[in-house]
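Trainee: build the 3D model from these lines:
(2 chains)
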Protein chains: 2
Amino acid sequence: MQDLTLVMAQFDPLVGDIPGNAERAIEAVREARIEHGADIVVFPELFLTGYPPEDLLLRPSMETRLREARARMAAKVARDVLVIIGYPGRREGQTYNLAGLLYNGEWLDEYAKQALPNYQVFDEQRYFSAGTEPLVIEHKGAKLGILICEDVWKTEPVRLACEAGAEILITLNSSPYHQDKPAERLELLRERAAEAKRPLVYVNQVGGQDELVFDGGSACVDANGQLQVQAPHWQVGLMPVQFLREQNGWVPQSGECEPLPEPEESLYCALVTGVRDYVNKSGFKGVVIGLSGGIDSALTLAIAVDALGPERVHAVMMPYHYTADISRADAAEQAKLLGVGYEVMPIAPMVESFMDTLAESFAGTERDTTEENLQSRCRGVLLMAISNKKGLMVLTTGNKSEMAVGYATLYGDMVGGYNALKDVYKTWVYRLARWRNDQEPAIPERVIERPPSAELAPDQQDSDSLPGYDTLDAILVRYIEGDMSAEAIIEAGFAREDVYQVVKLVDRCEYKRRQAPVGVRVTPRGFGRDRRYPIVNGWQPGE
Amino acid sequence: MQDLTLVMAQFDPLVGDIPGNAERAIEAVREARIEHGADIVVFPELFLTGYPPEDLLLRPSMETRLREARARMAAKVARDVLVIIGYPGRREGQTYNLAGLLYNGEWLDEYAKQALPNYQVFDEQRYFSAGTEPLVIEHKGAKLGILICEDVWKTEPVRLACEAGAEILITLNSSPYHQDKPAERLELLRERAAEAKRPLVYVNQVGGQDELVFDGGSACVDANGQLQVQAPHWQVGLMPVQFLREQNGWVPQSGECEPLPEPEESLYCALVTGVRDYVNKSGFKGVVIGLSGGIDSALTLAIAVDALGPERVHAVMMPYHYTADISRADAAEQAKLLGVGYEVMPIAPMVESFMDTLAESFAGTERDTTEENLQSRCRGVLLMAISNKKGLMVLTTGNKSEMAVGYATLYGDMVGGYNALKDVYKTWVYRLARWRNDQEPAIPERVIERPPSAELAPDQQDSDSLPGYDTLDAILVRYIEGDMSAEAIIEAGFAREDVYQVVKLVDRCEYKRRQAPVGVRVTPRGFGRDRRYPIVNGWQPGE
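Mentor: Residues are numbered from 1 along each chain as shown, chains lettered A, B, ... in the order given. You can find the predicted model right below:
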């Protein structure tokens, strides 16, 4: 009986590092031969450039570099194994998103992606022309139909591959994570395979790139839509799939099947992956975090420690008159619990110095948010000084609910290189904190239980100026992810006053978000490449 | 002999303000009837939503609001005049970029844009499906072929309109300005009209929207490619075109022909328009500018005064130990010359207060850019406090050369809501300053003549750490606008050391640009929607 070993190379390329990604591929193929006796190794979409390469694709030298990298691969890659790998390429003046096939030192053929996503974070029509032809290649008696990512979210490219004689469908992906995506994706794969009556191999990358995180979860589904092999999520590695030729075609044998992680675990892993890869791929020694005694900075600290280890994480508490004693105590306790460096720097001298300088100019005015912002900005300047002097990146600690309504100070607590919780609603911040503590205590319980406060004014609580977070998040999800109008949200059962307050704040704060650091995207509508809103905007809430 | 009066409505919509834009249109048609006896009034592309509406297009209520606005227009627009106006619309589940035709209270027909730009700042394929059919409509005996913007940059849609019987081509545009664009555009119009052997009417909007500025310059070119009517650039207004039916078809009569402005004048108008519209459309009372005695802030101040008038502009000088006496004197002199409010706030007390607080943490370290950034950030915090307290938007003063190489302090001199010079290279800052002074003195001559310095360290000059600006800008233009590789720039005659230094800085500073305020785009590759680069980026300079 004929058999065939396909290895899914679930790896993490570095965007732009074409020579390095080619080396990673050469090494992975070698390992796949030795460890698994691979007949075929499949890499993710655009592996040689990393995904998304964005406007690097417009540089003419991109083509030169890819030519060199592919020549090097042809010379160095192990023999007697078919390598299927993604990269961009030009043909007759157009650029395509390609999957190249390399065998025994020869590049045999290329498939051009047909379905080019140009929505959400995707801009593929900015760069690529769409392919129109299927590609089926025979290897060791198996007819392989090649597809790329969005192709399998549509029906037409799959149909064309089947018509062209494909017996096994193979898809190369760079499919970013968002909440619920792993389950949605698996459902789709099962459906496509069953429709096509062909086994389907799905290879996805893993790792973080700016705001995107890729969760891996490469898999093989059989011709009945049954999952047979499932690689772990959030881990780099090789995963073999054994095919046997049976009466009714090539049948993937049941192999390792990692269960899908729980939603909290996946989300937490996404945040850890995002922070780890952003910091490491940018070459930073570590991070510094302003620890306030509140839940957002506490969760951010836990994520940073899980991503980088405690020795690369430094925490600074910057109290002022309105900082509660329990905030100081809880911050110190958490720093000790997690074993990170910890400093306390009271900000009163700086704040007072600004107020003195501004006194004349501000004579006769009332106290307002100016004074609150000033506290926040003194903290920002301190953190950036530590960052500059010690080579540590500042992690900001804001969450999606705050970013949405602008409950954050530009150049104050928004200061930083990366924002772990940027796309995490406050209600999910609580869920994650509890989930993380269930694994191993990382956040003092009191931090989770006390009412949230920015502590920028006496006895301030978030609920003084915003609806409670349950209500706030429910409105925000409908407005941001759901594109519902204010009136439609009211109809869905929310108080008119709350809805209009929230919607107006979201619309008005676009300018703040535009200057916010990037952060991990974990919803289908993050505040990065995902949501492109005008700042100057005459749109009024209503129908 | 038959005649026909077409009026080009070169107006300035407010993005998102659909009811307001409809009112503007109703009023403009009324005026076009009364003042010019218009038979036809043509508005710019997507006039009812403003351009670009970006992700507002994804809101289902967009359709509801447009329906209401169009119903109102049908009820209120003057009779006996054909109105041609742009708006988006859905047909069978797809969204199109449409030109609608309204006559005597009835919407007669719609044309769907065929060529959808998805490059540079344009994301039209994110929102729109492409039309495939020409539209020719007969009005008062003239057959009008309707086109939208990018359609006339291609040949196919023009050919289709001619084949369908168009005698006069009419194109609705929202074509943003960049340097040299007015001349390029006129050349294109002449070419298209001559090819098509038809007169071509080109209507463009005017005004600023976030980073984009639209220069107007609506025009009519005859069937020989000769310019017959040219509306002014940078001005809102109605411009009539008289057509006469002659033997060989409809002939536009020679009318007002404003000459194209000089490059300096156009660029300066673009910056004034950008600032004025951003500030006014966001509803700010005025602006505050940190005046340093250097040329960038001096030019920014002049632009702000020309945009808003001196009473809406406030200048603050924030000297430190390294601020030269002539800087203080020149800043004061310019503030007086332009008649703006002026304050001096020395920053030493704040800087010292931070250094005291950080002393323990920084013990044993050397002085480095941390201390320079601290000065800049204290200025940023002061400006933001004034902004918050007085409701004035901070204008940042950095230029494109600085933004490119990161010669700016994040949360320091990059603090602000809008950046007039963001896309203006330093060499052009000098040209503009001289041109502005030639009109009427606005900048002390010494500010233009002295060597540029950030004054963040003793006797510092920009040329200590960067190549001279002539060289720097020449390298930057090749790298940024030209997408040339480092080696290709060296081959073009630049020093290897300079090129590698500059290119590495540009690549490394993406993170700063990502948090920079928006500013006027005046080149074909600005640092906004135009240039989408990864922050985490393994691309190394080379071939």
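Trainee: and the angle for the longest helix anywhere in chain A with helix B:369-390?
Mentor: Taking DSSP state H as the criterion, chain A has its longest helix at helix A:369-390. Relative orientation of helix A:369-390 versus helix B:369-390 (axes from the mean of the first three to the mean of the last three Cα atoms, to 10 degrees): 170 degrees.
Trainee: which residues of the stretch 301-450 of chain A lie near chain B?
Mentor: Counting by Cβ under 8 Å from any Cβ of the partner chain, the residues of the stretch 301-450 of chain A close to chain B are A:343, A:345-347, A:349-350, A:353-354, A:356-358, A:361-362, A:365, A:368-370, A:373-374, A:377-378, A:380-382, A:384-386, A:388-389, A:410-411, A:415, A:417. Yep, even glycine has a C-beta here, placed from its N, CA and C like the rest.
Trainee: change it to 6 Å
Mentor: Residues of the stretch 301-450 of chain A lying close to chain B (Cβ under 6 Å from any Cβ of the partner chain) are A:345, A:349-350, A:353-354, A:357-358, A:362, A:365, A:370, A:373-374, A:377, A:381, A:385, A:388-389, A:411, A:415.
Trainee: now these: which count as buried?
Mentor: A:345, A:349-350, A:353-354, A:357-358, A:362, A:370, A:373-374, A:377, A:381, A:385, A:388-389, A:411, A:415 (16 or more other Cβ atoms under 10 Å in any protein chain shown).
Trainee: and the lowest-mean-pLDDT helix or strand in chain A, which residues are buried?
Mentor: For chain A, scoring each helix and strand by mean pLDDT, DSSP states H and E identifies helix A:462-465 as the least confident one, at a mean of 88. Neighbour-count burial for helix A:462-465, counted by 16+ other Cβ under 10 Å, picks out residue A:462.
Trainee: which elements pack onto the helix or strand that that helix is followed by?
Mentor: Using DSSP states H and E, the helix or strand that follows helix A:462-465 in sequence is helix A:469-476. Counting contacts by 3 or more Cβ pairs under 6 Å, 6 or more residues apart in numbering or on different chains; DSSP states H and E, helix A:469-476 packs against helix A:400-405, helix A:426-439.
Trainee: how does it look with 8 Å?
Mentor: Packing contacts for helix A:469-476, counted by 3 or more Cβ pairs under 8 Å, 6 or more residues apart in numbering or on different chains; DSSP states H and E, involve helix A:400-405, helix A:426-439, helix A:496-508.
Trainee: residue A:354 touches residue B:383, doesn't it?
Mentor: No. Between residue A:354 and residue B:383 there is no contact under Cβ atoms under 8 Å: 11.4 Å.
Trainee: can you get me a residue count around the one residue in the stretch 101-250 of chain A that gets nearest to chain B?
Mentor: Of all residues in the stretch 101-250 of chain A, residue A:125 sits closest to chain B, at 4.6 Å by Cβ to the nearest Cβ. By other Cβ atoms under 10 Å in any protein chain shown, 19 other residues sit near residue A:125.
Trainee: against residue B:149, how distant is it?
Mentor: To residue B:149, residue A:125 is 18 Å away according to Cβ to Cβ, to the nearest Å.
Trainee: same question, residue A:393
Mentor: The value you get for residue A:393 to residue B:149, if Cβ to Cβ is used, is 43 Å.
Trainee: residues in contact with the residue of the stretch 51-200 of chain A at minimum distance from chain B?
Mentor: Taking Cβ to the nearest Cβ, chain B has its nearest neighbour within the stretch 51-200 of chain A at residue A:61, 4.2 Å off. By Cβ atoms under 8 Å, 6 or more residues apart in numbering or on different chains, the residues touching residue A:61 are B:485, B:488, B:542, B:543.
Trainee: ok, residue A:75 next?
Mentor: Contacts of residue A:75 (Cβ under 8 Å, 6+ apart): residue A:105.
Trainee: isn't there a helix covering it?
Mentor: Yes. Under DSSP: H, G, I helix; E, B strand; the rest coil, residue A:75 falls within a helix.
Trainee: write out the residues of the stretch 101-250 of chain A neighbouring chain B.
Mentor: Residues of the stretch 101-250 of chain A lying near chain B (Cβ under 8 Å from any Cβ): A:118, A:119, A:123, A:125, A:126, A:208, A:209, A:210.
Trainee: can you give me the first-to-last residue distance of stretch A:12-25?
Mentor: 10 Å (Cα to Cα, to the nearest Å).
Trainee: an error on my part: the question was meant for stretch A:203-211.
Mentor: 21 Å.
Trainee: now it: average pLDDT?
Mentor: Summarised as a single mean, pLDDT over stretch A:203-211 is 98.
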